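Peer 1: Sequence below, structure please.
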Amino acid sequence: MKLRSFALVLMSGLAFTSLSTQASLVLGTGTNALIGGDLTDPENDGAADANTNYNATFNSSHEAFFGGGEGAFNVFDNILSPRNGKWCCNGPGTAEQDLTSNNVNSVWVEADFGSTRYVLSAFTLSSANDVAGRDADQWRILGSNDGTNYSTIFEYDNNGTSIWNARYQVVEFSSDLGDFAAQNTAYSIFRYEAYSVVSSGAHQLGELEFFGEIPEPASLALLGLGLLGLRARRK
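Peer 2: Numbers count the residues shown, from 1 in each chain. Next up is the predicted model:
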């Protein structure tokens, strides 16, 4: 398993890329540029064409399957390639949308970790092989604990410009790097949701990786504080 910190060391010489008001880290291109070992598949042994050996269940607005037909769940298969290694579907259109509206058109895919909740610390998005006009230029990463109410963790809103300048390019966004605020809420569901694409009738995405930690149980934290207080009183 490639450790995220190791990947950051390897890529430390890469320049940060300005994306609207955010920065991000370009990790390279191709499958080998993926960090790996993310929350959906910590062991990197998920099947390429089936929901086997993954640590999450998946859902999407369009093409909810792995494998052929460029299904949505291919974004979790640890592979950047045409056809079975990408998601491509009818897009939400090219018109700029008002993301403050409650009625924006979208396409989305999400990972559901059931009863386990994580604090998201980083994620990667990768471009697919096809024309750059199919890349999203308005999108969000969202968190939820009930599959109904979602909170925005990260938002990219730069109509006409995507985050990528190459095919199969892997870009990381991290709270450690200041791309989004350090999170205080743990979620069991993480969703990528796209609202418009650059210049095409279709939407595509190569790969999506989520990284985070299970928060320390409050009871353990309180116990630790109690022990510190007891130790102080005994001095």
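
Peer 1: hey, let's count contacts and neighbours off CA atoms from now on
Peer 2: OK.

Peer 1: Quick one: residues contacting the nearest residue to Leu125 once chain neighbours are set aside.
Peer 2: Distance criterion Cα to Cα, 6 or more residues apart in numbering; nearest residue to Leu125, sequence neighbours excluded, is Leu208 at 4.9 Å. By Cα atoms under 8 Å, 6 or more residues apart in numbering, Leu208 lies in contact with 75-76, 123-126.

Peer 1: do the same with Thr185
Peer 2: Contacts of Thr185 by Cα under 8 Å, 6+ apart are Val119.

Peer 1: Apply 10 Å and report the result again.
Peer 2: 117-120, 143-144, 151, 153, 215 (Cα atoms under 10 Å, 6 or more residues apart in numbering).

Peer 1: CA-only coordinates of the helix or strand encompassing Val109 in CSV, if you can.
Peer 2: Assigned by DSSP states H and E, Val109 belongs to strand 107-112. This file holds the C-alpha atoms of strand 107-112, laid out as CSV (Å, rounded to 0.1, in the frame of the first residue of the first chain):
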residue,chain,number,x,y,z
VAL,A,107,-24.7,13.8,-11.6
TRP,A,108,-23.1,12.2,-8.6
VAL,A,109,-21.4,9.1,-7.2
GLU,A,110,-20.9,8.2,-3.5
ALA,A,111,-19.2,5.8,-1.1
ASP,A,112,-21.2,4.6,1.9
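
Peer 1: helices or strands up against whichever helix or strand comes after it?
Peer 2: Note on strand 107-112: by DSSP H and E, the next helix or strand toward the C-terminus is strand 119-126. Applying 3 or more Cα pairs under 10 Å, 6 or more residues apart in numbering; DSSP states H and E, one finds that strand 119-126 contacts strand 22-29, strand 136-144, strand 169-174, strand 202-205, strand 207-213.

Peer 1: Output the contacts of Thr185 in TSV; the columns should cover distance to Leu25, pLDDT and neighbour count.
Peer 2: Output for the contacts of Thr185, formatted as TSV (distance: Cα to Cα, whole Å; pLDDT from 0 to 100; neighbours: other Cα atoms under 10 Å):
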residue	distance to Leu25	pLDDT	neighbour count
Arg117	26	98	20
Tyr118	22	98	21
Val119	20	98	18
Leu120	17	98	23
Gly143	22	98	27
Ser144	26	98	19
Ser151	24	98	15
Ile153	18	98	17
Pro215	25	93	12
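
Peer 1: ok so, going back, sheet-wise, list the partners of the strand holding Val109 with their directions.
Peer 2: According to DSSP bridges, strand 107-112 forms sheet pairs with strand 57-60 (antiparallel), strand 189-197 (antiparallel).

Peer 1: Just the CA coordinates for the longest one, please, in CSV.
Peer 2: Yep, that's strand 189-197 we're talking about. Taking C-alpha atoms only, strand 189-197 is exported to CSV below (Å, rounded to 0.1, in the frame of the first residue of the first chain):
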residue,chain,number,x,y,z
ILE,A,189,-21.1,8.9,3.2
PHE,A,190,-18.9,10.9,0.9
ARG,A,191,-20.2,12.1,-2.4
TYR,A,192,-18.8,13.7,-5.6
GLU,A,193,-21.4,15.8,-7.3
ALA,A,194,-20.9,17.6,-10.6
TYR,A,195,-23.1,20.5,-11.9
SER,A,196,-21.7,21.4,-15.2
VAL,A,197,-18.9,20.4,-17.7
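
Peer 1: Run the chain-centre distance for it.
Peer 2: 9 Å (Cα atoms, centre = their mean, to the nearest Å).

Peer 1: The closest residue in space to Leu142 that isn't next to it in sequence and Leu208, how far apart?
Peer 2: Excluding the flanking residues, the one nearest Leu142 by Cα to Cα, 6+ apart is Thr152, at 4.6 Å. Here Thr152 is placed at a distance of 17 Å from Leu208 (Cα to Cα, to the nearest Å).
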